[in-house]
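Q: okay, here's the prediction I keep looking at, along with the sequence it came from:
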Amino acid sequence: MECGKYTCITDDRVKHLSPPVQRIGLQFTMAEKIVDQTTIAPISSDVSIEDVELQGYDAVATKKLLRKLDWHLIPFMSLIYLLCFLDRTNIGNARLDHLEQDLKLHGLQYNDCLAVLFPFYIAAEIPSNIMMKRTRPSIWLTFIMFFWSLAMICQGFVKNYSGLMATRVFLGVFEGGLFPGVNYYISQWYVRGECGFRMALFFSAATLAGAFGGVLARGIAEMSGVGGKAAWAWIFILEGLLSILVSMTAYWCIYDYPATARFLTPKERTEVERRLQQDHGHLSNDFDMKYVYQALTDWKIYIFMLICMAGFCPIYSFALFLPTIIKNMGYTANDAQLMSVPPYVCACFFTIVASWYADRVKKRGIFLMVFQLMAIAGFAMLAATGKPSVQYAGTVLAAIGIYPQIPLGMAWNSGNIGGSLKRGTGIAMQVMGGNCGGIIASYVYLSRDGPRFIIGHSILIGFVRQVIDTTGSI
């Protein structure tokens, strides 16, 4: 019979099978098709009440365990992603403090400096996830964070276009492993129906980075001339120093896997691993390159790559150019830095709420499409009028629309990939697709199209529409 979007084995067929075969049959059919989270069975569906009682993990105890995981895992992961996204996009704030004039950038050179990061970022994603699997999260994430922080600091000492291009290359190489790595990391602690909300908490750091970056840039603007350096240079140096300080604590703050987590009791470790084994079933967690090949040949992952590419294009365009867009509404550079904060705060709130509710009702696609409609409305408001108040309202609505779809899509894809290495590769592939959108985003808003940027807003409406169409097709 049909159960949601995949075929289930009927009761008459199941009752003649042994329990292990019953579970394998059900899990195999789930893994074969794209499954919206509506179809994921309750976590305890394959465990008898007697088993749960013997282990002492009823619904209340499980909720307590999840809260414990959340407090020990999510805050630090969110912090390092906040710093990662801040370091990647703070060039948009630096631009308002005369970056282009001081480095004598002209034509498309500023856009080239934005775009050059992404090919190297993309190239690093799959190898980085494989390296994290071969080493440990605490080692690998600390390593890449330390070196992207160094690249960020060096960006504050560049003197010309070539120097800025070079530092952006190294920034992309070392930042590339974080986002897919942390999404994979989350899937090693939580079952599929719980990942979406946690990924949203993690990804919401990107919106906070935008808000924090605006406030910080406004304060750093007062340092112009200190030490003979411009304000834009101090933005890169100080934010890089902040990242490097956090990287020095990362090794001790990142817990690798449930089996070695010091903050869990032996009984809690066993319960976390039991839940994961029940959720993942017979699918392998071994390190074998055949699972990488399986991910590379899985057509479902390529669908999510397309969604992610179209989704990240407006996000990166927004993050890299929002201060410029607001300034061109007629505000001063300092006011534009501060006015970039409210859209991100609103986006953060709706990203978390949408993913929490999507986990609760076990649906992803419908929420993803609804928020994209809001984004279209926001970009249409920006393109249709020159009235600053309406345009600014459009930035808020656009931000609310574009940010929630990334954690929704990541959780949806992750929930449809079995086996830890295949899942890690599949998540990295999805993020690779997203960052292809970053290359395009670097050229969406061109100086010659200002101050209204009608062409840029129209391009982003097209990409948002692609997200809706591709999501609807599955």
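A: Okay, I see it. Values in this document were obtained by computation on a predicted structure and should not be read as measured data.
Q: tell me the domain ranges of this structure?
A: As recorded under automatic domain parsing, the domains making up the chain are 2-53, 59-473.
Q: can you list the ones you listed in a markdown table and add mean pLDDT and mean neighbour count?
A: To be clear about C-beta, it is placed using only N, CA and C from the backbone, and glycine gets the same treatment. Compiled in a markdown table, the domains of the chain are given as follows (pLDDT from 0 to 100; neighbours: other Cβ atoms under 10 Å):
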| stretch | mean pLDDT | mean neighbour count |
| --- | --- | --- |
| domain 2-53 | 41 | 14 |
| domain 59-473 | 87 | 20 |
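Q: what's the distance between the residue nearest the centre of the chain and L460?
A: Nearest to the mean C-alpha position of the chain, by Cα atoms, centre = their mean, lies F203 at 4.7 Å. For F203, the distance to L460 equals 19 Å [Cβ to Cβ, to the nearest Å].
Q: could you do A441 as well?
A: 9 Å.
Q: what residues are shared contacts of those two?
A: C313, P314, S317 (Cβ atoms under 8 Å, 6 or more residues apart in numbering).
Q: break down the stretch 301-450 of the chain into its helices, ranges please.
A: 333-339, 341-361, 365-384, 388-402, 405-414, 420-441 (DSSP state H, counting those that start in this stretch).
Q: before we move on, what about the stretch 1-150 of the chain?
A: Counting by DSSP H, counting those that start in this stretch, the helices of the stretch 1-150 of the chain are 11-14, 19-32, 49-55, 59-89, 91-95, 99-102, 109-115, 117-134, 137-155.
Q: including distance to D359, could these go into TSV?
A: Shown next, in TSV, are the helices of the stretch 1-150 of the chain (distance: least, Cβ to Cβ, whole Å):
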stretch	distance to D359
helix 11-14	27
helix 19-32	17
helix 49-55	21
helix 59-89	11
helix 91-95	32
helix 99-102	41
helix 109-115	34
helix 117-134	24
helix 137-155	23
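Q: relative to D298, which of these is closest?
A: Minimum separation from D298 across the helices of the stretch 1-150 of the chain (Cβ to Cβ) falls at helix 19-32, 10.1 Å.
Q: and A231, what does it touch?
A: So A231 contacts A94, D97, H98, I220, A221, E222, M223, S224 (Cβ under 8 Å, 6+ apart).
Q: which residue packs closest to the last one, ignoring adjacent ones?
A: Counting by Cβ to Cβ, 6 or more residues apart in numbering, S224 lies nearest to A231, which is 4.0 Å off, once chain neighbours are set aside.
Q: quickly note the distance from that neighbour to N90.
A: From A231 to N90 the distance is 12 Å (Cβ to Cβ).
Q: list the contacts of stretch 248-268.
A: 55-56, 65, 68, 72-73, 76-77, 80, 136-139, 141-142, 145-146, 188-189, 269, 272-273, 276.
Q: and of the shared contacts of A441 and L460, the nearest to D335?
A: For the shared contacts of A441 and L460, the nearest to D335 is S317 (21.3 Å; Cβ to Cβ).
Q: for that closest one, what are its contacts?
A: S317 touches A441, V444, Y445, G456, L460, counting by Cβ under 8 Å, 6+ apart.
Q: and stretch 390-409, how far out from the chain middle?
A: Put simply, stretch 390-409 sits 15 Å off its chain's centre (Cα atoms, centre = their mean, to the nearest Å).
Q: then stretch 266-281?
A: On Cα atoms, centre = their mean, the centre of stretch 266-281 falls 26 Å from that of its chain.
Q: one more: stretch 310-330?
A: Distance, centroid of stretch 310-330 to centroid of chain: 17 Å (Cα atoms, centre = their mean).
Q: equivalent analysis for stretch 224-237, please.
A: Using Cα atoms, centre = their mean, the offset of stretch 224-237 from its chain centre is 30 Å.
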